[in-house]
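In: Pasting the sequence and the predicted model now:
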Amino acid sequence: MNDLTDFLLARIAEDEAAAHKLTLTDRRPVLSLAITVNHPERILAECAAKRAIIELAQKASEVEEEFHDYVWAGAGPKQVEPWTGDAILLSLAAVYKDHPDYRQEWA
């Protein structure tokens, strides 16, 4: 999921850059957010929250995978569904489905 994480972090960076360009009187749409806002502080707070969610999702998948490996010791069923954290990352990426770098396998 490293490519997905890189994709998400790049989108967040774009949103942050757009927020830094906003002034309180500027009411243009903000890049990938596709909404008209005049509160760059809120956008920056959302970007920080998304980064925290990504970090927590990565940790969740690591713990889940370690638990699976410990319980089954390689002899149990293969993981078919994405790990919980990976499912969270896929959900975060869904809002960027129209971005040219979005991959269909993330849908």
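Out: Looks like it arrived, so ask away. Bear in mind that the values here come from a model prediction, so they are computed numbers and not experimental data. Numbering: from 1, shown residues only.
In: Who are the packing partners of the longest helix that the chain contains?
Out: Scanning the chain for the helix with the most residues, using DSSP state H, yields helix 40-72. Under the contact criterion of 3 or more CB pairs under 8 Å, 6 or more residues apart in numbering; DSSP states H and E, helix 40-72 touches helix 2-21, helix 84-94. Where you see a C-beta, it was placed from the backbone N, CA and C, and this is true even at glycine.
In: Now mean neighbour count, distance to residue 40 and mean pLDDT too, for the ones you listed, in a markdown table please.
Out: Below are those laid out as a markdown table (neighbours: other CB atoms under 10 Å; distance: least, CB to CB, whole Å; pLDDT from 0 to 100):
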| stretch | mean neighbour count | distance to residue 40 | mean pLDDT |
| --- | --- | --- | --- |
| helix 2-21 | 16 | 4 | 92 |
| helix 84-94 | 17 | 21 | 94 |
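In: quick one: buried residues of the lowest-mean-pLDDT helix or strand in the chain?
Out: Across the helices and strands of the chain, the lowest-confidence element by mean pLDDT, DSSP states H and E is helix 40-72, at a mean of 88. Neighbour counts over helix 40-72 (16 or more other CB atoms under 10 Å) mark 40, 43, 47, 50, 53, 54, 57, 58, 60, 61, 64, 68 as buried.
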